[in-house]
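K.L.:
fold the following and give me the result.
(2 chains)
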Amino acid sequence: EPEVTQTPSHQVTQMGQEVILRCVPISNHLYFYWYRQILGQKVEFLVSFYNNEISEKSEIFDDQFSVERPDGSNFTLKIRSTKLEDSAMYFCASSEAGFYSPLHFGNGTRLTVT
Amino acid sequence: RKEVEQDPGPFNVPEGATVAFNCTYSNSASQSFFWYRQDCRKEPKLLMSVYSSGNEDGRFTAQLNRASQYISLLIRDSKLSDSATYLCVVTTSGTYKYIFGTGTRLKVLA
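P.N.:
Residues are numbered from 1 along each chain as shown, chains lettered A, B, ... in the order given. Below is the predicted model:
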């Protein structure tokens, strides 16, 4: 069964450093998403992406965050200057076609900011 | 009012029991509904989509009540392996995001 893959599985970084989280969505999916989950809290929407542009972003997704689809397979989330409160599990997801089809998640990247 | 609300639980049930969870949503324009399960520190995994007429997949039954704006999940003959957090997920017309509830924690006890 095709799956979403994320790398790395765990990233430790110092406050103020830039990080790039990488994702390879399912190949025939058209919609891509980033979510995050702080330990013990709910899964929170960050951004959705379709046709090489952001469809919607949350209040969390401020100027420190950016997304990119640099080639036909990768989808990346960049955090320019990490803060302690960015420590969370970051999940990439994709869906086949719009909002009637379910999300498929990657295994996540655990980001620890020290 | 929260967009998607769930009772956080935990629901502690014996093996073999039937357990039901509800999830309410605030926006009447909500259009698609899903149940996911999440194991500790793992990614959410799709359990089932929820259709207007209700749907069943083995021991799991999902229902949608648009008039009262809630969806439900019924688990029959609970197994130890059903222990997890169950997440209600909703999409709404005019937005481009899937909104998650806080989840309901289920513990199935031997």
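K.L.:
three-state assignment of B:Thr102?
P.N.:
coil (DSSP: H, G, I helix; E, B strand; the rest coil).
K.L.:
phi and psi next, for it.
P.N.:
As for B:Thr102, its main-chain torsions (degrees, to the nearest 10) stand at phi -70, psi -20.
K.L.:
what's the neighbour count on the closest residue to it other than its chain neighbours?
P.N.:
Distances taken as C-beta to C-beta, 6 or more residues apart in numbering or on different chains put A:Lys42 closest to B:Thr102, at 4.5 Å, once the chain neighbours are dropped. In this view, the C-beta of every residue, glycine as well, is placed from N, C-alpha and C. Other residues near A:Lys42 number 18, with proximity taken as other C-beta atoms under 10 Å in any protein chain shown.
K.L.:
hang on, isn't A:Lys42 packed against B:Thr104?
P.N.:
No - no contact is recorded between A:Lys42 and B:Thr104 when judged using C-beta atoms under 8 Å, the distance being 11.6 Å.
K.L.:
show me what contacts B:Phe100?
P.N.:
Residues near B:Phe100 by C-beta atoms under 8 Å, 6 or more residues apart in numbering or on different chains: A:35, A:42-45, B:4, B:36, B:44, B:87-89.
K.L.:
among those residues, which are located in helices?
P.N.:
When these are checked against helices using DSSP state H, none is located there.
K.L.:
partners of B:Asn65 in the sheet?
P.N.:
Listed beta-bridge partners, B:Asn65: B:Tyr70 (assigned using DSSP bridges).
K.L.:
show me what from chain A comes close to chain B.
P.N.:
With C-beta under 8 Å from any C-beta of the partner chain as the criterion, chain A comes near chain B at residues A:33, A:35, A:41-45, A:48, A:50, A:55-56, A:58, A:89, A:91, A:99-100, A:102-108.
K.L.:
just the buried ones among those, please.
P.N.:
Buried residues within the residues of chain A next to chain B, counting neighbours by 16 or more other C-beta atoms under 10 Å in any protein chain shown: A:33, A:35, A:42-45, A:48, A:56, A:58, A:89, A:91, A:99, A:102-108.
K.L.:
so the residue nearest to the spatial centre of chain A versus A:His104, what's the distance?
P.N.:
Nearest residue to the geometric centre of chain A (C-alpha atoms, centre = their mean): A:Trp34, 3.1 Å. Computed as C-beta to C-beta, to the nearest Å, the A:Trp34 to A:His104 distance reads 14 Å.
K.L.:
anything in contact with each of those two?
P.N.:
Shared contacts of A:Trp34 and A:His104, defined by C-beta under 8 Å, 6+ apart, comprise A:Ala93.
K.L.:
quick check: buried residues in stretch B:69-86?
P.N.:
B:70-73, B:75, B:78, B:82-86.
K.L.:
over to stretch B:38-49?
P.N.:
Neighbour-count burial for stretch B:38-49 flags B:38, B:43-44, B:47-49 (criterion: 16+ other C-beta under 10 Å).
K.L.:
the residue nearest to the centre of chain A is in contact with A:Ser66, isn't it?
P.N.:
No - under the criterion of C-beta under 8 Å, A:Trp34 is not in contact with A:Ser66, lying 10.6 Å apart.
K.L.:
what do the two both touch?
P.N.:
Taking C-beta under 8 Å, 6+ apart as the contact criterion, the common neighbours of A:Trp34 and A:Ser66 are A:Leu77.
K.L.:
residues in contact with B:Arg76?
P.N.:
B:Arg76 makes contacts with B:18, B:59-61, as judged by C-beta under 8 Å, 6+ apart.
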